[in-house]
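# Return a 3D structure for these sequence lines:
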Amino acid sequence: MQFFFIVLFLLGCSGNAAAGELSQHLANFPQWNKLTSVQPASGDLVYPEWMAGTWKVTSTLIDLAAPLAPDIITPGFESNRQQLNQPVSFIVRFIKEKPPVTNSLQFIPKIENQTPILVADRAFNSLNLARAYLGDETVLSVKVDPESPNRQITFLRQERQLVSIVTARTTESPADDKFITSEVFQQLFKGGSRPYLNSVESTTAYHKLPTNNPTIEADQVTAVYLSPQDPDYFQAGSRPVALYRYRLEFHPG
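Residues are numbered from 1 along each chain as shown. Predicted coordinates:
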């Protein structure tokens, strides 16, 4: 089932990667291991100013790998081969928000007039992304936790739910026109014969182009890791059990 690997990569900055680490990480595809430089996710993911606005994104799965096959293969991996080189389009937007006040000490005055930051419109983007892959009738709604931009629930037909929680992230800005981010999150699918839990890492390199058609391109790799509850967890170790590589093109919306 496809929702086990869909990366809601626009969920919505904690920590910075060592220079070039994320770039090298992408270059190593499909020879991947878990990143060690990610930091616990706190607050929202802040994007560069040149990503502001509404965009039509075309996402194309250009490669996939199961590094531990045939011993370990995740549900839906083989059927996802049908998506190879099949472009999928959807609308996303990035908006300005004031960062939340994080002072927990009551005697410290709150900071007013904070500079707005650019973040993803998480519910809007995730709903459009999920419906583009799964269909309007399958995906009912997306709800973001009002207390945390890093937690959201996708509501599906037949009382099924996909719970996604960003647990860690890191970023890298190798140039003014390039931005790389890696997020690690837990996915829990509820509503099937039994709950399905895994860990997903999404690493995306955005590049602002000198043209408007497209304006931005991105290289994205999704890595699926087993959860500690999986009986094959220790056999897999720090290696992913599935990898998906996408080419993303952003056109002005």
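# And for Thr211, the neighbour number?
Residues contacting Thr211 under the criterion other Cβ atoms under 10 Å number 8. The C-beta positions use only the backbone N, C-alpha and C, and glycine is treated the same way.
# all helices for the stretch 51-200 of the chain, in order.
122-134 (DSSP state H, counting those that start in this stretch).
# how about the strands in it?
In the stretch 51-200 of the chain, the strands defined using DSSP state E, counting those that start in this stretch lie at 53-65, 88-97, 117-120, 139-144, 151-156, 160-175, 178-190, 196-208.
# Adding mean neighbour count, mean pLDDT and distance to Glu217, write the ones you listed out as CSV.
Converted to CSV, the strands of the stretch 51-200 of the chain look like this (neighbours: other Cβ atoms under 10 Å; pLDDT from 0 to 100; distance: least, Cβ to Cβ, whole Å):
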stretch, mean neighbour count, mean pLDDT, distance to Glu217
strand 53-65, 17, 96, 10
strand 88-97, 16, 95, 14
strand 117-120, 20, 94, 18
strand 139-144, 18, 94, 26
strand 151-156, 21, 93, 26
strand 160-175, 18, 91, 14
strand 178-190, 20, 91, 11
strand 196-208, 20, 91, 5
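# now the ones you listed as CSV including distance to Gln24?
Listed next are the strands of the stretch 51-200 of the chain as CSV, based on distance: least, Cβ to Cβ, whole Å:
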stretch, distance to Gln24
strand 53-65, 18
strand 88-97, 27
strand 117-120, 25
strand 139-144, 32
strand 151-156, 30
strand 160-175, 10
strand 178-190, 10
strand 196-208, 11
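# nearest to Ala130, of the ones you listed?
Closest approach to Ala130 among the strands of the stretch 51-200 of the chain is made by strand 139-144 (4.5 Å; Cβ to Cβ).
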